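A.B. asks: just a sequence and a predicted model for now, questions to come.
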Amino acid sequence: MNTHIPSDANKKITASTSSFDHEKPPLPNVARTPAPDRSVTGDVPPRMGGTSRKEEAMAMTGSVGAKPTGTGVDVAPDRTSRHESGDVTAGGAGDFVIDDTFDAEPATSPIPPWLAQQHRADEIDTAALLQRALALLAADEILRKQLHHVVPQEKTEALYAKKVSILRQRYLSRGGEAHRPVLEALAPYAAKEQSWKIMRAALKWHLLRRIEFRVSQVRACKAARQATPPEVSLRLRSAVRSLEELVDLQRTDAREFALIDNRPPHSKKDLLPELPDDWRDRFERRNSESPKYRMVGVLLVVCGLRPEELEKGVALRWTASDEIEVTIAGAKVTELAGQPWRSLRLDPARLPNWFSHHLQAERSCVVQAKPSCLATHLARLSNKVFDPDRDGNTPRLSAYLFRHALVTDLREAGWRSDEIAAAIGETSAETVSWYGLRRGGPRKLRPNISIRRDSVATARPVRPAKQNWPQATPSKSTPSSMRKRTP
C-alpha cells in the first residue's frame, strides 16, 4: 500500500479546511408542505389511515415518489439511526436520517414537520454548536502545522473513502443503530495497531470534511440572514459529537469494548531470542528443496525483503566484478517516506553455492512471489524447520522475522543506523530503532552478512536519527561466527 499512514492517528490526521472555500454552498432548501393541524396544536397527529410512518413522512414533505416538493433532493435511504445523544427520538424517524456519520455524502433531505416539532424542545444553540465545530477544525489545523503534515493527497483520500465505506457497511449491517457509533465501528479493528490507525485516521478525515460542509451551510444561512434549518443544526451536532468521541477514544478502550486482551502484542523480533542459533541454516536447507521458492528464500534471509517487494519483482544481475547486484522496487512508499528503489551488492562467496552458480550461468533474472502464496509456503516450512521436542516450540516463519534478524545482524556487525535504514529501504534512521534486537554479552553464532557495506544505493537520502542509539561493536567470537554458508 503506497499510502502514508501516520504513526499517531490522534494527532496527525488532517483534513483541508479550505475544501469549500472556492464555492459558496447552496442554502438548504427548507420549503415544505405546511401541516396546519400540527402548527396549531403542537402535537403529533395520529397516522393517516392505512399508511406507514414512511408514507406519512413523504406525504408531509409533498413527496409520494422520488423527490419531496420544493427540495430537489432525493429522499434519504430507508433506515433509522438512533444515537444516544437524542439525535433521533425514541419513537423513530421513519426513513429520515439525522446521524449521517457513515454516509458517503452528507444527507440533504429536509426534516419532516412532525419530527421538527418533536425537536423544538431541544432548543439547539446553533451559535455555540458552531463554535465547538470551529474549535475542532482549528485544533486539527494547529496540530497539522506543528507536525508539518500536508493535506492528504488524492490517493490517500481515495483510501480513506474506501475505509469509511467499509465502516458504513458494518454500521448498516447492525441495522443502523448504535449507542456509540464511533466506538462500535472501530472496536473490531483495535486488535491490530496498524488497522486501528488507518481506520481511525479515515474516520477522522471523513468527520472533519462533514463538519466543514455543515459549517459552510450555517454560514451561508447567516450570510443570507436566514434561520438555520433544524436538519442542518441536528446533523452538525451529530457530526461534532462523533468527532469529539473519536478524539477522546483510546485504543485500549476499544479493545476492552471488543473483549480483546490489552497486553502488548508480541512483535516478530520478540521471537528471535527464543529461536535456535542455526534456524536460518535449517530454513535454507529445507527451502532449497523447493524449486519455486528456493531463490526467494535466500533473498529473504540476506536482504530482509518485504512481501510486497517480492511481489513487484527483485532484479538480480551478475556483474563484471563477480558480484551480484540486487535492485529492489520499494514498498510502503509515499511522498515523504519509503525508498522508491534501492540497490545493493552481495558477495557470492557468502551465499549458497547453487545460488551463485545459477546466477553466474544466467547472468540476470527477476525473482517474484505473491505475498499470500509466500505466507503459505513459510507456514508449511515452519513445521519442518522447528521441532517441538527439540526446540520447545514451533514459531511461525514470516518475511518480517527474517527482516528483524537481518537488522540485528547488521547492528551487531557495527553498521550505523542510517546504513541499516538504507539497506532495508527506509528513509529515516530513526525507524531502525523498531527493528531487531540490541543484545549485549556473548554473541550468538550468526550467518554471514552477504551485503557489501559500501554498495548500498537508495533513491532518497536517509534522514539521520534524532537520537544516537548505541552502536553494537563487531563480535569478537570465534571464526565460526563468520562461517561460509553451505548450499
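C.D. replies: Structure's in. What do you need?
A.B. asks: ok, which stretches of the chain are strands?
C.D. replies: For the chain, the strands defined by DSSP state E occupy 314-318, 324-329, 341-346, 364-367, 457-458.
A.B. asks: could you name the helices and strands sitting against the last one?
C.D. replies: Spelled out, that is strand 457-458. If you count contacts as 3 or more CB pairs under 8 Å, 6 or more residues apart in numbering; DSSP states H and E, strand 457-458 packs onto strand 341-346. Placement of C-beta: from N, CA and C, glycine included.
A.B. asks: list the buried residues of the strand it packs on.
C.D. replies: Judged by neighbour count using 16 or more other CB atoms under 10 Å, the buried positions of strand 341-346 are 341-342, 344-346.
A.B. asks: what does stretch 313-330 give?
C.D. replies: Judged by neighbour count using 16+ other CB under 10 Å, the buried positions of stretch 313-330 are 314-318, 323-326, 328-330.
A.B. asks: and of the residues you listed, the nearest to Met199?
C.D. replies: The nearest member of the buried residues of stretch 313-330 to Met199, counting by CB to CB, is Gly330 at 24.5 Å.
A.B. asks: residues contacting that closest one?
C.D. replies: 309, 338-342, 425, 459 (CB atoms under 8 Å, 6 or more residues apart in numbering).
A.B. asks: what's the separation between it and Leu137?
C.D. replies: Counting by CB to CB, to the nearest Å, the gap from Gly330 to Leu137 is 35 Å.
A.B. asks: next: Arg380.
C.D. replies: Arg380 sits 52 Å away from Leu137, going by CB to CB.
A.B. asks: ok, these two, which is more surrounded?
C.D. replies: Leu137 (17 against 12; other CB atoms under 10 Å).
A.B. asks: confirm for me that the more buried one is in contact with Val215.
C.D. replies: Yes: using CB atoms under 8 Å, Leu137 is in contact with Val215, at 7.4 Å.
A.B. asks: what's Phe232 in contact with, if anything?
C.D. replies: You called it Phe, but residue 232 is Val. Shown here is Val232, whose contacts under the criterion CB under 8 Å, 6+ apart are 28, 214, 217-218, 221.
A.B. asks: Glu289: which of these is nearest?
C.D. replies: Nearest to Glu289 among the contacts of Val232, counting by CB to CB, is Arg214 at 62.6 Å.
A.B. asks: would you turn the buried residues of strand 341-346 into TSV with pLDDT and distance to Ser417?
C.D. replies: Below are the buried residues of strand 341-346 laid out as TSV (pLDDT from 0 to 100; distance: CB to CB, whole Å):
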residue	pLDDT	distance to Ser417
Trp341	96	21
Arg342	97	16
Leu344	97	17
Arg345	97	21
Leu346	96	22
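A.B. asks: and which of these is nearest to Phe283?
C.D. replies: Taking CB to CB as the measure, Phe283 lies nearest Leu346 of the buried residues of strand 341-346, at 17.7 Å.
A.B. asks: can you pull the contacts of the closest one?
C.D. replies: Per CB under 8 Å, 6+ apart, neighbours of Leu346: 302, 323-324, 326, 450-452.
A.B. asks: pick out the most distant pair among those residues.
C.D. replies: Greatest spacing in these, by CB to CB: Val302 and Glu323 (13.0 Å).
A.B. asks: reformat the strands of the chain as a markdown table; add distance to Ala375.
C.D. replies: Output for those, formatted as a markdown table (distance: least, CB to CB, whole Å):
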| stretch | distance to Ala375 |
| --- | --- |
| strand 314-318 | 17 |
| strand 324-329 | 19 |
| strand 341-346 | 23 |
| strand 364-367 | 17 |
| strand 457-458 | 27 |
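A.B. asks: right, and those - which one's nearest Arg286?
C.D. replies: Taking the strands of the chain one by one with CB to CB, strand 364-367 is closest: 18.3 Å.
A.B. asks: longest helix anywhere in the chain?
C.D. replies: Looking across the chain with DSSP state H, the single longest helix is helix 193-223.
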